[in-house]
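In: any chance you could fold what I've pasted below:
(one chain, ligands or ions: 1)
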Amino acid sequence: MSTVSEVKAKAGLEDVVAGESAICYIDGERGVLSYCGHDIHDLADMDRGVSFEETCFLLWHRRLPNRGELGDLQTQLAAARVLPEPILRAMRSLPPAGGMDALRTLTSLLGHVDADAAVKTPAADYRKAVRLTGQVGSLVATWGRMAEGGAAIDPDPSLGHAANFLYMLTGTRPSALSARAFDVSLVLHADHELNASTFVARVAAATLTDLHSAVVGAIGALKGPLHGGANAAVMKMLIEIGQDAGLERVEEFVRAKLARKEKISGFGHRVYRTEDPRATHLRRFSQSIGEKTGQPQWFAMSQRIEQLVKSEKGLNANVDFYSASMFHALGIPLGLYTPIFAVSRIAGWTAHVLEQYANNRLIRPRTDYVGPTYPQPVLPIDQR
Ligand SMILES: CC(C)(COP(=O)(O)OP(=O)(O)OC[C@H]1O[C@@H](n2cnc3c(N)ncnc32)[C@H](O)[C@@H]1OP(=O)(O)O)[C@@H](O)C(=O)NCCC(=O)NCCS
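Out: Reported below is the predicted structural model:
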């Protein structure tokens, strides 16, 4: 039967250009990732790169901030890191849940208590984007702390976003290396063009629903093991292999998995045909922080897996592969790996939602109908 079939997309909308954006550019053939024209390798440079806060400003305003603008944003984010009391109360009363489920539910609640909940103007939406970015970091850190039986820690406004997150999670102010490594990992995860969760956010925003609703949808998509859930799956795989098992066991494990035609989390990408440029940085951190914290085995195992998957399947590591062992070396609990992705990606989601609002048209594609032929008779119930 014919439908609207002038333009038929490949499965998974592969290679479909579904809109315009001035936020993020990817060249999957050359391994280029840039935010508003700035190469990710420059932004993520350990010494000369930018902070997560500067990245947020860049994504929201399409240019890097000057000192005054950065100072203002830092002040706004620091204020937003103090979680509203109803959120802390709700967090304490939630039934046992995974971090992404808690984040989804509590982000929805943040929408109820937002100072601009009833206001929908460009200025109010921008304030919501800033507030939510500050709040999500505190929410995930506090959730992680409470999940381990600890009490919530107040944010320290003198710390940057990354250092404050680690402080609120562990109760200890991080070393300069840990703070900057985590900061760079937030920069690396902040946006990635029309990835699945950002697409969800934009589709929702295109109905002109509120910013919190769009972000809640995005969190749901990020949770999936083919998207943000992959970093936790990588660490589970490393733990399953066992840190004392030796590299022969790594090889045996990976070969058996591939023989069963199972996917290895942290490899492959819809867009990149080269190494994921984010993996280049995360690999380095996995190694350096692993060595600094006396647990180099996770990096060694990861490296062996990478060699095998590359030689056996020709697949490259993606953003989630080395972030797993890096987060582990930083002492971050496994249940927080995917929520931490959201701590960073909230900047990209909100930038895309604001961009969608600014030049909106409802996103409403069609399907190619492959069901029973039309028309089918509606038989009386005892004849079916
Ligand atoms: C990222 C991902 C979802 C992209 O999916 P996609 O573009 O739809 O690619 P497909 O799943 O169709 O994979 C294409 C082929 O490569 C294989 N492949 C892709 N990723 C693989 C992986 N991680 N391990 C083993 N094989 C993989 C598929 O089995 C398939 O092989 P086939 O053609 O013989 O059936 C996919 O690579 C994947 O599932 N990776 C693991 C999860 C992950 O790390 N996600 C985070 C992404 S940043």
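
In: how is the protein divided into domains?
Out: Per automatic domain parsing, the domain ranges recorded for the chain read 21-224+345-358, 230-329.

In: wait, residue 319 sits on residue 275?
Out: No. Assessed by C-beta atoms under 8 Å, residue 319 is found out of contact with residue 275, at 10.6 Å. Any C-beta I mention is one placed from the backbone N, CA and C, and that applies to glycine too.

In: please see if the helix or strand hosting residue 354 touches the ligand.
Out: Using DSSP states H and E, residue 354 maps to helix 337-358. No. Residues of helix 337-358 contacting the ligand under C-beta under 6 Å from any ligand atom: none, with a closest distance of 9.7 Å.

In: packing partners of that helix?
Out: helix 52-61, helix 99-113, helix 122-147, helix 176-189, helix 196-205, helix 211-222, helix 230-241, helix 319-329 (3 or more C-beta pairs under 8 Å, 6 or more residues apart in numbering; DSSP states H and E).

In: most tightly surrounded among the ones you listed?
Out: Most buried of the helices and strands packed on helix 337-358 by mean neighbour count (mean count of other C-beta atoms under 10 Å) is helix 319-329; its value is a mean of 27.

In: pull out the buried positions in stretch 240-251.
Out: Neighbour counts over stretch 240-251 (16 or more other C-beta atoms under 10 Å) mark 241, 250 as buried.

In: show me what it is in contact with.
Out: By C-beta atoms under 8 Å, 6 or more residues apart in numbering, the residues outside stretch 240-251 that reach it are 253, 295, 297, 298, 300, 301, 304, 305, 308.

In: which non-adjacent residue is nearest the first one?
Out: Taking C-beta to C-beta, 6 or more residues apart in numbering as the measure, residue 253 lies nearest to residue 241, with 4.9 Å between them; neighbours along the chain are not counted.

In: ok, the last one next?
Out: Counting by C-beta to C-beta, 6+ apart, residue 254 is the residue found nearest to residue 308 once chain neighbours are left out, at 4.7 Å.

In: the third one now?
Out: Once flanking residues are discounted, residue 297 sits nearest to residue 243: 4.8 Å by C-beta to C-beta, 6+ apart.

In: now that neighbour: how far from the ligand?
Out: Between residue 243 and the ligand the distance is 21 Å, computed by C-beta to the nearest ligand atom, to the nearest Å.

In: does that residue count as helix, strand or coil?
Out: coil (DSSP: H, G, I helix; E, B strand; the rest coil).

In: quick one: pLDDT of it?
Out: Looking at residue 243, its pLDDT reads 90.

In: relative to residue 327, how far out is it?
Out: Noted for residue 243: a distance of 15 Å to residue 327, by C-beta to C-beta, to the nearest Å.

In: just residue 126 next, same as before
Out: With C-beta to C-beta as the criterion, residue 126 and residue 327 are 30 Å apart.

In: cool, residue 66 as well?
Out: Noted for residue 66: a distance of 33 Å to residue 327, by C-beta to C-beta.

In: again, but for residue 13
Out: If you go by C-beta to C-beta, the gap between residue 13 and residue 327 works out to 30 Å.

In: and for residue 140?
Out: 12 Å.

In: common neighbours of these two, please.
Out: Shared contacts of residue 140 and residue 327, defined by C-beta under 8 Å, 6+ apart, are found at 336, 340.

In: residues in contact with the residue in the stretch 201-350 of the chain positioned nearest to the ligand?
Out: Closest residue of the stretch 201-350 of the chain to the ligand, C-beta to the nearest ligand atom: residue 268 (2.3 Å). Residues counted as contacts of residue 268 (C-beta under 8 Å, 6+ apart) are 315, 316, 318.

In: spell out which parts of the stretch 251-384 of the chain neighbour the ligand.
Out: Checking the stretch 251-384 of the chain against the ligand by C-beta under 6 Å from any ligand atom, the hits are 263-270, 313, 315, 318-320.

In: between those residues, which is nearest residue 365?
Out: Checking those against residue 365 with C-beta to C-beta, the nearest one is residue 270 at 17.8 Å.
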